[in-house]
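Engineer: Just the structure for this:
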Amino acid sequence: MTQHMPEQEQSYAKHTKLVPLFHFFLLPLILLTLVGSLVNLYHSLGDHERIYNASLITAISVALLLLGFLARVFALTAQDRAIRAEENMRHYLLAGRPLDTRLTVKQIVGLRFASDSELVDLARKAAEGGISPDAIKKSVKFWRPDHDRL
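Structural biologist: Model (predicted):
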């Protein structure tokens with residue numbers, strides 16, 4: 001049986017999410033492996049017995065780095081699509097119309113933190129004024145936490 005830890009209150013200052021195993025262990029390990037493989041490749045230049053293995057290890061290290069990067073990008077892209085659909089539905093329920101088509105996905109992602117009482121007005125201002133996603137988040141007065149994000 002797992003114990004549920006209480007979620008921290010979110011705000012603009014505390015809304016980013018870091019996954020320690022990913023951000024502080026896996027990515028640094030992959031980067032260190034890549035650096036080590038490049039050093040090994042450099043020292044293997046001219047050594048016909050080692051160059052193949054060194055090249056292969058370097059290629060695998062680059063592939064691992066790309067895999068880590070793309071896995072993160074793919075997950076965030078899927079999350080952004082879900083947020084766009086959720087926020088469009090929420091705006092429709094609150095305003096009787098979908099979100100303005102001038103809003104970018106990143107702006108909509110920023111709007112997800114706005115409370116129901118401020119979403120419609122903030123979405124209108126963002127669409128009309130081209131407000132940046134960061135400025136949208138800073139404009140939120142009543143923060144709506146999102147603990148399920150990636």
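
Engineer: can you tell me which residue is nearest the centre of the chain?
Structural biologist: When C-alpha atoms, centre = their mean is applied to the chain, the residue found nearest the centroid is Leu76 (4.8 Å).

Engineer: Do you know the pLDDT at that residue?
Structural biologist: The score at Leu76 is 90. That number is its pLDDT.

Engineer: Could you check how far it is from Val35?
Structural biologist: When distance is defined by C-beta to C-beta, to the nearest Å, Leu76 is 26 Å away from Val35. To be clear about C-beta, it is placed using only N, CA and C from the backbone, and glycine gets the same treatment.

Engineer: Next SSE downstream of the host helix or strand of Ala75?
Structural biologist: Per DSSP states H and E: Ala75 is located in helix 51-95. Where DSSP H and E defines the elements, the next helix or strand beyond helix 51-95 is helix 105-111.

Engineer: which residues touch that following helix?
Structural biologist: For helix 105-111, contacts defined as C-beta atoms under 8 Å, 6 or more residues apart in numbering pick out 80-81, 83-84, 87-88, 99, 103, 119, 122-123, 126-127, 131-134, 136-137.

Engineer: Okay, now the unreliable bits of the protein?
Structural biologist: Applying pLDDT under 70 to the chain flags the ranges 1-17, 149-150.

Engineer: run the last query once more with 50
Structural biologist: 1-6 (pLDDT under 50).

Engineer: Would you agree Ser37 is in contact with Ser55?
Structural biologist: No - applying C-beta atoms under 8 Å, one finds Ser37 not in contact with Ser55, separated by 9.1 Å.

Engineer: Mind checking which of the two has more residues around it?
Structural biologist: Ser37 (20 against 14; other C-beta atoms under 10 Å).
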